[in-house]
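Compute the structure for the input listed below.
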Amino acid sequence: MTPRDHFLNISEHLNQAIIGQQEVVERLLIAILADGHVLMEGLPGVAKTRSIKTLGKLIESQFSRVQFTPDLLPSDVTGSEIYREQDGSFDFQPGPIFGNLVLADEINRAPAKVQASLLEAMEERQVTVAGKTHKLPDLFLVLATQNPIEQEGTYPLPEAQMDRFLLYVNVPYPPAENEAAILRLVRGEKTGTAAESPELTPQDVIFAARKEVAAIHVAESAEKYMVDLVIATRQPDRLEGDLANWIRLGASPRGTIALDAASRAHAWLNGQDFVSPENIRAVASACLAHRIHLSYEAEAAGLTRTDVMESLLKAVVPL
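Numbers count the residues shown, from 1 in each chain. Just a heads-up that it's a prediction; the model follows:
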């Protein structure tokens, strides 16, 4: 099997386990291919945690989970130095952040000092404890979830951390026609009649796929379209309509980098050897929505970041 065949196989099994969430499955695969982190936002019960755990079962990897709570400490995430009485030395005990796929469940329930413990790990792929730096695994992704409507006992993510997520994925309710299929799937799992788990995809296949993604051609016109989209978030007054009244701050250069990586991965998954405007548009909202800051006027009108991005995509067209 080629690396792409392996990923299509993963996609098939994920869609069987997470019914009615094809876009979420695609975004997760893009994150793995683009070597970036994912922030998943959705109401309880829409399979956010299930999708991440299922992905962990399909890939040859160490899966770890951190349930973020208000009393969590940074050392509960990164690990800490343990004193050994036998010889009076200190040994580093790695925390759950040293997994390959790290589920940061309900990440906005922990205070800022715990959220900050992820910043170095997500950007530099390392953790510094007691003055010593410890490298994280080559395959390392933070897959975070949060509830968008519950505000009591939560701590909004700092913008520096939001910017470190490659993709923002909104997980909606599944379509009505899939509800019965979900019911049968869960019933089958409880009665032991569910389909058998497929063979694990080795990490070498993932790294080989990433090399193929990196080789995807991006024409100068496609690069310009990416830049135009990002610049439009910073200078919305150049566009027609109400975007200038809705966007307070635009995306950072990380947005451009994320757009390039994600559009390459999207093209590769679709069997293309080049990036087209359609690939860019398909991932633009996921790459940029969490990087823009809405004005009070937009929030008062009930607009979401995704709504604003949809309007921006209509206003900025490729050459």
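
use CA for all of it now, contacts and neighbours both
Will do.

Pretty sure Ala262 sits against Leu29.
No - if you go by CA atoms under 8 Å, Ala262 and Leu29 don't touch, sitting 9.9 Å apart.

If you count surrounding residues, which of these two has more?
Ala262 (31 against 21; other CA atoms under 10 Å).

what's near enough to touch that one?
30-31, 34, 280, 283, 287 (CA atoms under 8 Å, 6 or more residues apart in numbering).

at 6 Å instead, please
When contacts are counted by CA atoms under 6 Å, 6 or more residues apart in numbering, Ala262 touches Ala34.

Next, it: secondary structure please.
Following DSSP: H, G, I helix; E, B strand; the rest coil, Ala262 is assigned to helix.

what about it, distance to Leu157?
The gap separating Ala262 from Leu157 is 23 Å, by CA to CA, to the nearest Å.

Check which helix or strand the most centrally placed residue in the chain maps to.
In the chain, the residue lying closest to the centroid (CA atoms, centre = their mean) is Val38, at 1.1 Å. If you go by DSSP states H and E, Val38 is part of strand 37-42.

what does that strand contact?
With CA under 6 Å, 6+ apart, strand 37-42 has contacts from 141-147, 165-171.

Setting the sequence-adjacent residues aside, check what's closest to Tyr296.
Closest residue to Tyr296 apart from its sequence neighbours, by CA to CA, 6 or more residues apart in numbering: Trp246 at 7.7 Å.

Show me what counts as buried in stretch 107-127.
Of the residues in stretch 107-127, 107-111, 114-115, 117-119, 121-122, 125-127 count as buried by neighbour count, 16 or more other CA atoms under 10 Å.

Using CSV, write down the CA coordinates of it.
Taking Å, rounded to 0.1, in the frame of the first residue of the first chain, the C-alpha atoms of stretch 107-127 are listed here in CSV:
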residue,chain,number,x,y,z
ILE,A,107,-8.6,22.6,27.6
ASN,A,108,-10.4,25.8,28.6
ARG,A,109,-11.2,24.4,32.1
ALA,A,110,-7.7,24.9,33.3
PRO,A,111,-6.2,28.2,34.4
ALA,A,112,-3.7,30.2,32.4
LYS,A,113,-0.6,28.7,34.1
VAL,A,114,-1.6,25.2,33.0
GLN,A,115,-2.5,26.4,29.5
ALA,A,116,0.9,28.1,29.3
SER,A,117,2.7,24.8,30.0
LEU,A,118,1.6,23.7,26.5
LEU,A,119,3.1,26.7,24.7
GLU,A,120,6.7,25.5,24.5
ALA,A,121,5.6,22.0,23.7
MET,A,122,3.3,23.0,20.9
GLU,A,123,5.8,25.4,19.2
GLU,A,124,9.3,24.1,20.0
ARG,A,125,8.3,20.4,20.5
GLN,A,126,10.2,20.3,23.8
VAL,A,127,9.6,20.7,27.5
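
Now it: average pLDDT?
The pLDDT scores in stretch 107-127 average 89.

how far is it from where the chain is centred?
15 Å (CA atoms, centre = their mean, to the nearest Å).

where exactly do the helices run in the stretch 51-200 of the chain?
74-78, 112-116, 119-124, 159-162, 179-191 (DSSP state H, counting those that start in this stretch).

what stretches of the stretch 101-250 of the chain score poorly on pLDDT?
151-153, 193-197 (pLDDT under 70).

quick one, strands of it?
101-105, 126-129, 132-135, 141-146, 165-171, 247-249 (DSSP state E, counting those that start in this stretch).

Need those in a markdown table (columns: distance to Gln93).
Shown next, in a markdown table, are those (distance: least, CA to CA, whole Å):
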| stretch | distance to Gln93 |
| --- | --- |
| strand 101-105 | 17 |
| strand 126-129 | 10 |
| strand 132-135 | 11 |
| strand 141-146 | 20 |
| strand 165-171 | 26 |
| strand 247-249 | 41 |
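
Relative to Gly45, which of these is closest?
strand 165-171 (10.1 Å; CA to CA).

how far is that closest one from where the chain is centred?
Between the centre of strand 165-171 and the centre of its chain there are 5 Å (CA atoms, centre = their mean).

same thing with stretch 190-209?
20 Å.

One more: stretch 115-132?
The answer for stretch 115-132 is 18 Å, by CA atoms, centre = their mean.

Could you do stretch 56-72 as well?
14 Å.

Need the distance between the two termini of that stretch.
Stretch 56-72: ends 24 Å apart by CA to CA.

what about Tyr83, neighbour count?
Neighbour count for Tyr83, taken as other CA under 10 Å: 12.

Report pLDDT for the nearest residue to it once chain neighbours are set aside.
Ranked by CA to CA, 6+ apart and with sequence neighbours excluded, the top spatial neighbour of Tyr83 is Phe90, at 4.5 Å. For Phe90, the model assigns a pLDDT of 84.

circling back to that earlier point, dump the residue contacts of the residue nearest to Tyr296.
294-295, 298.

Of these, grab the buried ones for ChimeraX.
In ChimeraX, this line selects whichever of the contacts of Trp246 come out buried by 16+ other CA under 10 Å:
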select :294,295,298
